[in-house]
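Enquirer: Pasting the sequence and the predicted model now:
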Amino acid sequence: MNFDNIFEKVKLVIEESCGIESESIQLNNTLFADLEIDSIDMVDILFELESEYGIELKISDLEKRSKEELDGKPYEIEGVLTKAGLETLKANMTEVDPVLFVEGLTVHQLMNLFTVHSLCKLVEHQLETKVG
């Protein structure tokens, strides 16, 4: 499945779950700030995408991959991302403006950086993992 097809499906699911017109949804829109998606809607969006593609989506998978790449270096300390953690996330989340990965960013605040593009990449990664 190509990325454009995933993007179109993600837009439709967001529209159906949140009532946001799919034509107005852009790849660089943040899920929580720009689109004002709340956590309940996010659960619904993830469930619908999981059902559609037969995959399991967890935002925490991105953190898990990043931690594995650190080869034992700490990813976060007391909820605050380490410099190495920030660099790994920056490399994995190339769709996010790198200047947003600032010192002092917490694991909780990381969710605010998630864009529609990030969600599409998560789906794409899980589909590749499923096939591979």
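Expert: Now that the structure is in, tell me what you want to look at.
Enquirer: Mark out where each domain of the chain begins and ends.
Expert: 1-58+114-132, 60-113 (automatic domain parsing).
Enquirer: could I get those as a markdown table with mean neighbour count?
Expert: Backbone N, C-alpha and C define where each C-beta goes, glycine included. Putting the domains of the chain into a markdown table (neighbours: other C-beta atoms under 10 Å) gives the following:
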| stretch | mean neighbour count |
| --- | --- |
| domain 1-58+114-132 | 16 |
| domain 60-113 | 15 |
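Enquirer: With mean pLDDT as new columns, can those domains be given to me in a markdown table?
Expert: A markdown table is the format used below for the domains of the chain (pLDDT from 0 to 100):
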| stretch | mean pLDDT |
| --- | --- |
| domain 1-58+114-132 | 94 |
| domain 60-113 | 93 |
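Enquirer: Next up, phi/psi of Thr94, please.
Expert: With angles defined as degrees, to the nearest 10, Thr94 sits at phi -60, psi -20.
Enquirer: And it, how close does it get to Phe101?
Expert: Going from Thr94 to Phe101 by C-beta to C-beta, to the nearest Å gives 11 Å.
Enquirer: so what's Leu86 up against?
Expert: 101-103, 105 (C-beta atoms under 8 Å, 6 or more residues apart in numbering).
Enquirer: Format the CA atom coordinates belonging to stretch 20-29 as PDB.
Expert: What follows is stretch 20-29, C-alpha atoms only, in PDB (Å, rounded to 0.1, in the frame of the first residue of the first chain):
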ATOM      1  CA  ILE A  20     -13.300  17.500  10.300                       C
ATOM      2  CA  GLU A  21     -13.700  17.800   6.500                       C
ATOM      3  CA  SER A  22     -11.100  15.600   4.900                       C
ATOM      4  CA  GLU A  23     -10.300  18.200   2.300                       C
ATOM      5  CA  SER A  24      -9.000  20.600   5.000                       C
ATOM      6  CA  ILE A  25      -6.700  18.000   6.600                       C
ATOM      7  CA  GLN A  26      -3.000  18.500   5.600                       C
ATOM      8  CA  LEU A  27       0.000  16.200   6.300                       C
ATOM      9  CA  ASN A  28       1.600  18.800   8.500                       C
ATOM     10  CA  ASN A  29      -1.400  19.400  10.700                       C
END
